[in-house]
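1. Dropping a prediction and its sequence here:
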Amino acid sequence: MESRELIHDYHRWLRFQHQARLDREHRAAWQQLESAGVSAQRTTEAYRSMAEKAAAQGACYRTLFLRQHDDGHSLACEGWLFVRRVIAEGGATRVRGTLLPSFTLIDGPLAPADAQAESMTLEIFDQLLVDRGLASVARVDRVDASGDSHFITLIDSVRGDLRRHMS
């Protein structure tokens, strides 16, 4: 086997390893949210705090989410979310922000300078968990494009150096 091909295979294996880790991390975080019964109101408060810190300090938060592919599979993706504002109107709570992707299986790891920022609108709502005796958990899905759902934004993983990439 030629060394070039071997190195290519190694990098591909690393990408799959990263994907598997993200899938496990997203699944574990979602299970924690379900167990805690985090409400949409509490989630909205967290996003409002993120918006305040984004405006004052340029804070971007690490975000995990599921992206559904054409074949029906959903895979975890990772990025940095800059929360611009939280809007509550007509019974719906929406978050306007910019996502800077940092990993997808298709693209692999993306450096901030190489990633393309995308404006997005997320909706926060309570999802009813029928199998848990009518319990509910907050869910955050993208509403301005299909296929991205189950956003989990980690408030303890923040960067202040990405604002210039968010235009």
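-> Yep, that arrived.
2. and stretch 106-116, what's its mean pLDDT?
-> On average, the pLDDT along stretch 106-116 is 93.
3. Grab the CA positions of that stretch and hand them over as PDB.
-> Taking Å, rounded to 0.1, in the frame of the first residue of the first chain, the C-alpha atoms of stretch 106-116 are listed here in PDB:
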ATOM      1  CA  ILE A 106     -19.000  15.100   5.000                       C
ATOM      2  CA  ASP A 107     -16.600  18.000   5.500                       C
ATOM      3  CA  GLY A 108     -14.600  16.700   8.500                       C
ATOM      4  CA  PRO A 109     -13.000  19.200  10.900                       C
ATOM      5  CA  LEU A 110     -13.400  22.800   9.800                       C
ATOM      6  CA  ALA A 111     -11.100  25.600  11.000                       C
ATOM      7  CA  PRO A 112     -13.000  28.900  11.600                       C
ATOM      8  CA  ALA A 113     -11.300  30.500   8.600                       C
ATOM      9  CA  ASP A 114     -12.400  27.600   6.300                       C
ATOM     10  CA  ALA A 115     -16.000  27.300   7.600                       C
ATOM     11  CA  GLN A 116     -18.900  29.200   6.100                       C
END
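4. Please name the spatially closest residue to residue 87 (chain neighbours excluded).
-> residue 94 (4.9 Å; Cβ to Cβ, 6 or more residues apart in numbering). Quick note: C-beta positions are derived from backbone N, CA and C, even for glycine.
5. residues of the biggest helix by length in the chain that come out buried?
-> Longest helix in the chain, counting residues (DSSP state H): helix 3-36. Residues of helix 3-36 classed as buried by neighbour count (16 or more other Cβ atoms under 10 Å): 15, 18, 19, 22, 23, 26, 29, 30, 33, 34.
6. Tell me the buried residues in the longest strand seen in the chain?
-> Assignment by DSSP state E gives strand 74-89 as the longest strand of the chain. Residues of strand 74-89 classed as buried under the neighbour-count rule (16+ other Cβ under 10 Å) are 74, 75, 76, 77, 78, 79, 80, 81, 82, 83, 84, 86.
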